[in-house]
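Asker: no FASTA, just this:
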RNA sequence: GGCGCAUUGGUGUAGUUGGUUAACACGCUGCCCUCUCAAGGCAGAGAUCACGGGUUCGAGUCCCGUAUGCGCUACCA
C-alpha cells in the first residue's frame, strides 16, 4: 500500500513555525518513501477561519518548497459525510443523541473551567458514562429528535476495555476506556467536531500515516475509538515533539510575536532552503551528524525513527535585535547565502533589491558580470537577504548613509585624512588599468610618500566609499565601484560635515 | 484535580544489545591570518547526563519514587 500523508492546519491565523515543521516532516516522509503529500484545510470552526489565513498557509508552504500532490481539500466540504457518519453510528447504536441543553462557556477561562468541572465530577463520584440519555430507548430518542428537540451526538464509549496504538515516535500507548468521555461528535447545531472530522477525512483521503504535533497524542485514543466504531483501519501515528519558547512556554504569536510566524522569515530575508534545513533539525537529527543538508540529502536520510521525544526550545532573544531569532537559524542562513550556487541566490537578491528600488535592468544585461562579481563578494559576510539592500546599499546606489561611529573612528579622528583622501583620489585617477592590484600598489605608494600607515587610508577609504567600517577587502571595493565612483566618493567630503 | 509525555553543557542534538577521558553543531572566550568585519585555522571555557533511591562488578543507558515542564481533559482545533 502506498503511503499517503497530510498536513491539516486550521486556517485561524498565520502559519506557525511548529506547524510548518509538521508540514515539512510529512512532506519529507512522503518524498522519502515515494508517497503522496496532501493538504487539507481544517476550517470546521467557521467563526475563526479566514480565507486570508488559508492563503498565507499556502504561500508559506510554497515558500518552503513543500509542494502537495493532490487537490487541496477543505474540511468543511466534507461536513455532509461527517454528519452522515455520526447519524450512521446512532443508527448502529454506537452513538447516542444527547438532549442535554448546551452550556455556554466563557472563552477566556476554558482551561480553568475544565479543571473545575473535572474536580467536581471526581468528588461527586460521577463517571464518564453518567449521561442520562446514554441509554435512552431508541424509539424515544427518535421521537424527540423528530419533534425537533435539539441534541448533540455523542459516541457511546464502552465501559470496559482500553484503546491502544503504537506511536512511531512515542511508542506503545494505552488508555483505559474509563478515562475517555463519551465525546461529542456533532454539535446540537449540526456542526461536526474536530475528532470526528479528522477521522472521517483521513479515511476519505486514504491517509496511511498521521504525522502531527504531540498535542494530539492523548486525543488519538478517541480517534482510535472512532476508527473502530466506523469499522475502519486506523493509520500509523507519529507524534512530533513541540517547539517551545526559551521560557519553555508554548510559542504563541500573542506572547512571543513575529518570531513564531513563518512569513516573518520570508519577510526578513531568509533563504527558504536554509530555514527548511534549520526546521528539520528541530526534533530530528540525521544519522551521520551532518547538519547542512540539501533537499535531496534531507529526503534521502529522513526517517520517522530519527525523531526525538523531548520538546525543543526555539532559542531566540527577545530583547536583542541582532539575535531576533535562533542563533543557529541565523548562522545557517548566512552559511547558505555564502555557499549556495550563485545562480540560485541571484534571483532572491534581485527581488530584495527591487523591493528597495536598488535594482537596475542592466544587472541582467550588460552589467551582469559586474553584478555577479559584486554579489559573490559581498555575500560572504551577510546573514540575511535584507543585508544586500541595507549593508550592501553603497554598491548599488550613491545615496547611502554614513555610520556615525565609523566616521568618527576612521575619518574625523585624523584631521589630515580629508586632504590625504583627496590626494589619493588624484593618484587613483591615473591608475591604469583600474583594478584591485593596481589600486593596492597605488595606495601603498601614496601612503609611503605621505608617511602614513596604509591602514589609515584603507579604513578611511572604506568609510568614504561605503559608509561602513566593515566589509570586503578595500581593493576589491575599488575595483567593483570603478574609478569614477571611487574617486568621486573619496573627494565628496560628505561625511565630514 | 485526573491522565499522558518528557528531562544529556546557554540552545539544537549524538550517545549501538549497560563497560572505562559523555560526542557533534550553534553560541561564547583567546590566539593565528589581516586594511576592517566575516570566513578559515588552532586552542579553550562550559554537563556531578533534573533530583533521590534501587538492580549490577559496572548505568546517561534498566526499575521505582520525587520535582519541574509540556500536553490532553470543551457542543475549540
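Answerer: Received the coordinates, thanks. The shown structure was predicted, so the numbers you read here are calculated from the model rather than taken from an experiment.
Asker: chain center to the strand or helix carrying residue A:388: distance?
Answerer: If you go by DSSP states H and E, residue A:388 is part of helix A:386-389. From the chain centre to the centre of helix A:386-389 is a distance of 21 Å (CA atoms, centre = their mean, to the nearest Å).
Asker: Same question for stretch A:438-453.
Answerer: 51 Å.
Asker: Pull out the buried positions in that stretch.
Answerer: For stretch A:438-453, the neighbour count (16 or more other CB atoms under 10 Å) marks A:438-440, A:442-443, A:446-447, A:452 as buried. Bear in mind the C-beta positions are built from the backbone N, C-alpha and C, glycine included.
Asker: Equivalent analysis for stretch A:477-490, please.
Answerer: For stretch A:477-490, the neighbour count (16+ other CB under 10 Å) marks A:477-481, A:483, A:486-487, A:489-490 as buried.
Asker: Show only the entries of these found in helices.
Answerer: A:477-481, A:483, A:486-487, A:489-490 (DSSP state H).
Asker: quick one: which of these is nearest RNA strand B?
Answerer: Minimum distance to RNA strand B across those is 8.2 Å, recorded for residue A:477 (CB to the nearest atom of the strand).
Asker: Kindly report the domain assignment for chain A.
Answerer: A:78-196, A:341-392, A:404-496 (automatic domain parsing).
Asker: Point out where the stretch 351-497 of chain A drops to low pLDDT.
Answerer: A:495-497 (pLDDT under 70).
Asker: residue boundaries of the helices in it?
Answerer: Ranges of helices in the stretch 351-497 of chain A, per DSSP state H, counting those that start in this stretch, are A:368-378, A:386-389, A:393-396, A:404-407, A:417-430, A:436-450, A:454-466, A:474-492.
Asker: Could I get the domains of chain A in a markdown table, plus columns for distance to RNA strand B?
Answerer: Shown next, in a markdown table, are these (distance: least, CB to the nearest atom of the strand, whole Å):
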| stretch | distance to RNA strand B |
| --- | --- |
| domain A:78-196 | 3 |
| domain A:341-392 | 4 |
| domain A:404-496 | 3 |
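Asker: Output those domains as JSON lines; include the columns distance to residue A:21.
Answerer: What follows is the domains of chain A, written out as JSON lines (distance: least, CB to CB, whole Å):
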{"stretch": "domain A:78-196", "distance to residue A:21": "13"}
{"stretch": "domain A:341-392", "distance to residue A:21": "20"}
{"stretch": "domain A:404-496", "distance to residue A:21": "34"}
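Asker: Which of these sits closest to residue A:210?
Answerer: Nearest to residue A:210 among the domains of chain A is domain A:78-196; the distance by CB to CB comes to 9.8 Å.
Asker: So what's the gap between that closest one and the chain middle?
Answerer: On CA atoms, centre = their mean, the centre of domain A:78-196 falls 35 Å from that of its chain.
Asker: Just the endpoints, please. Distance across that domain?
Answerer: One end of domain A:78-196 sits 11 Å from the other (CA to CA, to the nearest Å).
Asker: shaky segments in chain A?
Answerer: A:104-109, A:118-119, A:121-126, A:495-497.
Asker: ok, which stretches of it are strands?
Answerer: Applying DSSP state E to chain A gives strands spanning A:4-7, A:36-41, A:73-74, A:95-98, A:152-155, A:162-167, A:171-176, A:184-186, A:209-213, A:236-240, A:243-244, A:312-313.
Asker: Out of these, which is closest to residue A:458?
Answerer: Of all these, strand A:312-313 sits nearest to residue A:458, with 43.1 Å by CB to CB.
Asker: Quick one: list the elements packing against that closest one.
Answerer: Judged by 3 or more CB pairs under 8 Å, 6 or more residues apart in numbering; DSSP states H and E, strand A:312-313 is in contact with strand A:243-244.
Asker: go again using 6 Å as the cut-off
Answerer: Under the contact criterion of 3 or more CB pairs under 6 Å, 6 or more residues apart in numbering; DSSP states H and E, strand A:312-313 touches no helix or strand at all.
Asker: How far away from the center of its chain is that strand?
Answerer: Relative to the mean C-alpha coordinate of its chain, strand A:312-313 is positioned 14 Å out (CA atoms, centre = their mean).
Asker: Next: stretch A:362-371.
Answerer: Per CA atoms, centre = their mean, the centroid offset for stretch A:362-371 relative to its chain is 34 Å.
Asker: circling back: as CSV, the strands of chain A with distance to residue A:227 would be great.
Answerer: Output for the strands of chain A, formatted as CSV (distance: least, CB to CB, whole Å):
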stretch, distance to residue A:227
strand A:4-7, 16
strand A:36-41, 17
strand A:73-74, 19
strand A:95-98, 14
strand A:152-155, 11
strand A:162-167, 9
strand A:171-176, 14
strand A:184-186, 13
strand A:209-213, 11
strand A:236-240, 11
strand A:243-244, 28
strand A:312-313, 30
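Asker: Would you mind giving those strands as a markdown table with distance to residue A:402 and mean neighbour count added?
Answerer: Below are the strands of chain A laid out as a markdown table (distance: least, CB to CB, whole Å; neighbours: other CB atoms under 10 Å):
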| stretch | distance to residue A:402 | mean neighbour count |
| --- | --- | --- |
| strand A:4-7 | 48 | 24 |
| strand A:36-41 | 49 | 22 |
| strand A:73-74 | 54 | 18 |
| strand A:95-98 | 72 | 24 |
| strand A:152-155 | 69 | 24 |
| strand A:162-167 | 59 | 15 |
| strand A:171-176 | 61 | 12 |
| strand A:184-186 | 66 | 24 |
| strand A:209-213 | 49 | 22 |
| strand A:236-240 | 48 | 22 |
| strand A:243-244 | 41 | 20 |
| strand A:312-313 | 40 | 16 |
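Asker: Residue A:142 is nearest to which of those?
Answerer: Comparing the strands of chain A against residue A:142 with CB to CB, the closest turns out to be strand A:95-98 (8.6 Å).
Asker: Identify the residues contacting that closest one?
Answerer: Residues from elsewhere that reach strand A:95-98 (CB atoms under 6 Å, 6 or more residues apart in numbering): A:89, A:133-134, A:141, A:145, A:151-156.
Asker: Okay, now the sheet partners of it, with direction.
Answerer: strand A:152-155 (antiparallel) (DSSP bridges).
Asker: Tell me which two in the contacts of strand A:95-98 are the farthest apart.
Answerer: Longest span within these, CB to CB: A:145 and A:155, 17.1 Å.
Asker: For the stretch 101-250 of chain A, just list every one of the helices.
Answerer: Under DSSP H, counting those that start in this stretch, the stretch 101-250 of chain A gives helices at A:110-123, A:138-146, A:194-204, A:219-229.
Asker: Now do the buried residues in the last one.
Answerer: This means helix A:219-229. In helix A:219-229, counting by 16+ other CB under 10 Å, buried: A:220-227, A:229.
Asker: ditto for the shortest one
Answerer: The neighbour-count criterion (16+ other CB under 10 Å) identifies A:141, A:144 as the buried residues of helix A:138-146.
Asker: and it, what does it pack onto?
Answerer: With contacts defined as 3+ CB pairs under 6 Å, 6+ apart, helix A:138-146 has no helix or strand neighbours.
Asker: let's go with 8 Å and repeat that
Answerer: Against helix A:138-146 (3+ CB pairs under 8 Å, 6+ apart) you get strand A:95-98.
Asker: Thanks a lot, catch you later.
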